[in-house]
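Just to be clear, the model below is a prediction. Sequence and coordinates:
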Amino acid sequence: MDPNAGERPLTSQFFTEGAVLLVDKPQGWTSFDVVNKIRGKIRSLFQLKNIKVGHAGTLDPMATGLLIVCTGKDTKRINEYQDRPKEYTGTITFGATTPSYDAETEIDASYPTEHITPELLENARQKFLGEIEQVPPMFSAIKVDGQPLYKMARKGESIKVEARKVHIYTMEFTRIELPEVDFRVECSKGTYIRSLAFDLGKAVKSGAYLSALRRTKIGEFEVDKAKSVSEWVEWME
């Protein structure tokens with residue numbers, strides 16, 4: 001939904017009947033932060049005690065980009081949106097690893113990078129195309145016995161996480177300036193780009209972690225059509 005479009009006046013019914021808001025999530029915000037902000041603004045502006053608001057696919061706090069926020073009756077379509085392919089761009093830093101597989105935690109090990117060449121990276125890239133098995137990171141929201149893995153990880157606990165099948169439709173390197181490599185990936189639901197970065201590090205006999213991430217597409221929805229949280233709040237007001 002484009003906040004610059006539409007001629008009808010904004011009412012509570014607009015949100016209860018169902019709206020799909022494309023949000024460009026800022027860095028440092030959780031996906032819940034975005035939902036909570038929008039839900040709070042709808043409640044206060046339209047005196048709605050109960051309004052369903054949810055998002056279609058979590059983005060880590062470090063990540064920016066497209067977050068689909070659904071309200072009212074359109075929250076029933078969240079699973080439908082989550083199932084669609086995603087596109088991401090970002091940066092992988094080689095030569096080190098972190099417990100979370102991204103820059104949210106401190107480096108726990110360092111590795112050589114002098115042997116890494118564009119040819120070695122290309123050979124590794126091709127191994128990750130198509131259907132692959134991927135182990136989600138311990139620092140994730142996946143629940144085991146009702147408890148999120150990231151809570152166990154913060155306590156220093158470690159349990160075996162089963163590999164999952166995901167699909168990498170496209171992966172390309174758009175800049176190679178070691179130790180940094182920029183990329184663009186199109187992938188299926190459930191793909192962890194952090195795990196992809198970690199596995200690429202192992203594939204080139206080094207280490208790697210995700211140092212930047214931006215979600216640019218979910219299905220046919222593009223981040224270029226999204227608005228910032230503040231822009232959505234200003235539009236509602």
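That came in fine, so what should we check first?

how about the most centrally placed residue in the chain, what does it touch?
The centre of the chain sits closest to residue 59, judged by Cα atoms, centre = their mean, with a distance of 3.4 Å. By Cβ atoms under 8 Å, 6 or more residues apart in numbering, the residues touching residue 59 are 25, 31, 65, 67, 215. The C-beta positions use only the backbone N, C-alpha and C, and glycine is treated the same way.

what does the lengthiest helix in the chain rub up against?
Longest helix of the chain, by residue count under DSSP state H: helix 31-46. Under the criterion Cβ under 8 Å, 6+ apart, residues 11-12, 15, 21, 23, 25, 48-49, 51, 53-55, 57-59, 67, 69, 71, 229, 232-233, 236-237 lie in contact with helix 31-46.

what bridges to the nearest residue to residue 215 once chain neighbours are set aside?
Once flanking residues are discounted, residue 215 sits nearest to residue 65: 3.5 Å by Cβ to Cβ, 6 or more residues apart in numbering. Residue 65 has these beta-bridge partners by DSSP bridges: residue 25, residue 215.

Quick one: the helices in this structure, in order.
With DSSP H as the criterion, the chain has helices spanning 12-16, 31-46, 78-82, 118-127, 149-154, 193-203, 229-236.

Could you list every helix and strand in contact with the third one?
Read that as helix 78-82. The helices and strands touching helix 78-82, judged by 3 or more Cβ pairs under 8 Å, 6 or more residues apart in numbering; DSSP states H and E, are strand 64-71.

and the strand it packs on, what's its mean pLDDT?
For strand 64-71, mean pLDDT is 98.
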